[in-house]
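Asker: Provided below for reference: sequence and predicted model.
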Amino acid sequence: MEAETSKKPGRYELWMAIAISLFAALAFYFSTNPTLHDLDYTAEIASAFLRGDLGLREKPPEWLNEMIPYGDKYYSAFPLGAVFSMLPVALLQKASLIHDFPASILAALIAGACVYFFFQLAKAFGPDYSSLKPNPLARRILLALFPVFGTWTWCNLGMGGAWQIALGLALLGETAALYFTLVRPSPFIAGAFFTLAFGNRTELLITAPFYLYLFWRRSNENTSGQSRTARIKGVLRVNASMVFDFLTLPVTLALLTGAYNLVRFHSMADFGYFHIPEVRDEPWYEHGLFSVHSIPWNVHTMLFEGFQHDPSFPFLSFPPFGCSIFLSSPLLFLLFRAGGRYGAISWIAIGILTFVLWCHGNPGGWQFSYRYAMILLPWMFLLLTGNGPPKITVTEISLFAVSIAINATATWLFLWTDQIQP
């Protein structure tokens, strides 16, 4: 009887997480309109894979203007992991179960899955670490919904193009990898989700040491009561196995990606971006795809670009090529509160990734806010779960509500109206 009772909280939490993620998926599906769903580069290449080709043999339609003519085929600049992610879609299309790229459904599933893992992370790590007391339910729900509906994720993922879907999958992979690192430690599963993340956004490969550090830190905590000799032997044994399990799939994908690039463009490091017609002539790539010369423009867009006044309802508009993440998501101002068990490592991860993003030639093109910063949200989430008071506050509720309102407005303006134009 006692064992049966002890299982009920776990089952309740699981069903609560599933219910919230299902609600999020449905809300996302019905609130978004995939205006860029025809830009299905990765699904097109995945279909070519099933035909035994690495690229398209026939000239793609004109709207797929970033396909790369090279030799006798047309290739995509998306990394191999992003193409692998679309193989299930390609299989469904080959079986004639679907015809068009299912951008709405795919984006909604990504949103719902992200909310599920964010909720589970928020449940496990509250601000009261002295007693390991988890966040209360209301605060967990708020925190779980925030990265999807209280940030630029809502609008940008809702656009449904290949770039936005890749960012959404990267966000999902990072969040799930953190869950299987911090909550239910499983190095192999965490590595699989990390592979999904960096397979869609290559720059995330540089965060691998952070996951390994978190596993190492956990193994140290688990052997704290042993003798020094036994502790060292135990940690070395556990860490060797952990590193192998975590890195197996990422290293495999990295090697396959290098081979994929080598076969296509005769260089393991060439993803093909500069082979896209006319890209080399774009002024923001004068110093290369990544350059410190790009930092000022990215900094201004990500941090300081403001909203625009509009005389008609809703009386404000948004720049079509990016604006401040703090204006578009005011709850992020709470990142700067003191405290949190993972504060240091989260800030280091955010800092390194932000530097890489700032060095990119342009801030991201057509977008709401700064879409590339989606990959920062899991680390920002760790900060927000741990640096606040044990119970939800009026300040948190207010900033959450304002963030939701701003991003709902942006989603409506970008995806359902023609009020915002280049």
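Answerer: Noted; the coordinates are in hand. In this text, all values refer to a predicted model and were calculated from it rather than measured experimentally. Numbering: from 1, shown residues only.

Asker: count of residues packed around Asp271?
Answerer: Actually, residue 271 is Phe rather than Asp. Neighbour count for Phe271, taken as other C-beta atoms under 10 Å: 22. The way it works is simple: take the backbone N, C-alpha and C, and place the C-beta from them, glycine included.

Asker: scratch that, Leu22 is what I was asking about
Answerer: Neighbours of Leu22 (other C-beta under 10 Å): 13.

Asker: give the contact list for the residue nearest the centre of the chain.
Answerer: The centre of the chain sits closest to Leu171, judged by C-alpha atoms, centre = their mean, with a distance of 1.7 Å. Listed by C-beta atoms under 8 Å, 6 or more residues apart in numbering, the contact set of Leu171 reads Ile110, Cys114, Pro147, Thr153, Ala197, Met374, Ile375, Leu377, Pro378.

Asker: wait, which of the residues you listed is closest to Leu262?
Answerer: Leu262 lies nearest to Ala197 out of the contacts of Leu171, by C-beta to C-beta, at 23.2 Å.

Asker: give me the contacts around the helix or strand that contains the closest one.
Answerer: Take DSSP states H and E as the rule and Ala197 turns out to sit in helix 187-200. Helix 187-200 has contacts (C-beta under 8 Å, 6+ apart) with 79-82, 84-85, 166-167, 169-174, 176-178, 180-181, 204-205, 207-208, 211, 215, 241-243, 245-250, 252-253, 257, 375.

Asker: those residues in strands, which ones?
Answerer: Using DSSP state E, no member of the contacts of helix 187-200 sits in strands.

Asker: drop anything exposed from these.
Answerer: The neighbour-count test (16 or more other C-beta atoms under 10 Å) marks 79-82, 84-85, 166-167, 169-174, 176-178, 180-181, 204-205, 207-208, 211, 215, 242-243, 245-247, 249-250, 253, 257, 375 as buried among those.

Asker: packing partners for the longest helix anywhere in the chain?
Answerer: Ranked by number of residues, the top helix in the chain under DSSP state H is helix 228-265. Packing partners of helix 228-265 (3 or more C-beta pairs under 8 Å, 6 or more residues apart in numbering; DSSP states H and E): helix 80-85, helix 187-200, helix 208-222.

Asker: pull the CA atoms of the longest one into PDB?
Answerer: In this case it means helix 208-222. Provided in PDB are the C-alpha atoms of helix 208-222 (Å, rounded to 0.1, in the frame of the first residue of the first chain):
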ATOM      1  CA  ALA A 208      29.400  19.600 -25.400                       C
ATOM      2  CA  PRO A 209      31.900  20.200 -22.500                       C
ATOM      3  CA  PHE A 210      29.100  21.800 -20.400                       C
ATOM      4  CA  TYR A 211      27.000  18.600 -20.500                       C
ATOM      5  CA  LEU A 212      30.100  16.500 -19.700                       C
ATOM      6  CA  TYR A 213      30.900  18.900 -16.800                       C
ATOM      7  CA  LEU A 214      27.400  18.500 -15.400                       C
ATOM      8  CA  PHE A 215      27.600  14.700 -15.500                       C
ATOM      9  CA  TRP A 216      31.100  14.900 -13.900                       C
ATOM     10  CA  ARG A 217      29.700  17.200 -11.200                       C
ATOM     11  CA  ARG A 218      26.900  14.800 -10.500                       C
ATOM     12  CA  SER A 219      29.200  11.800 -10.200                       C
ATOM     13  CA  ASN A 220      31.400  13.700  -7.700                       C
ATOM     14  CA  GLU A 221      28.300  14.500  -5.600                       C
ATOM     15  CA  ASN A 222      27.300  10.800  -5.600                       C
END
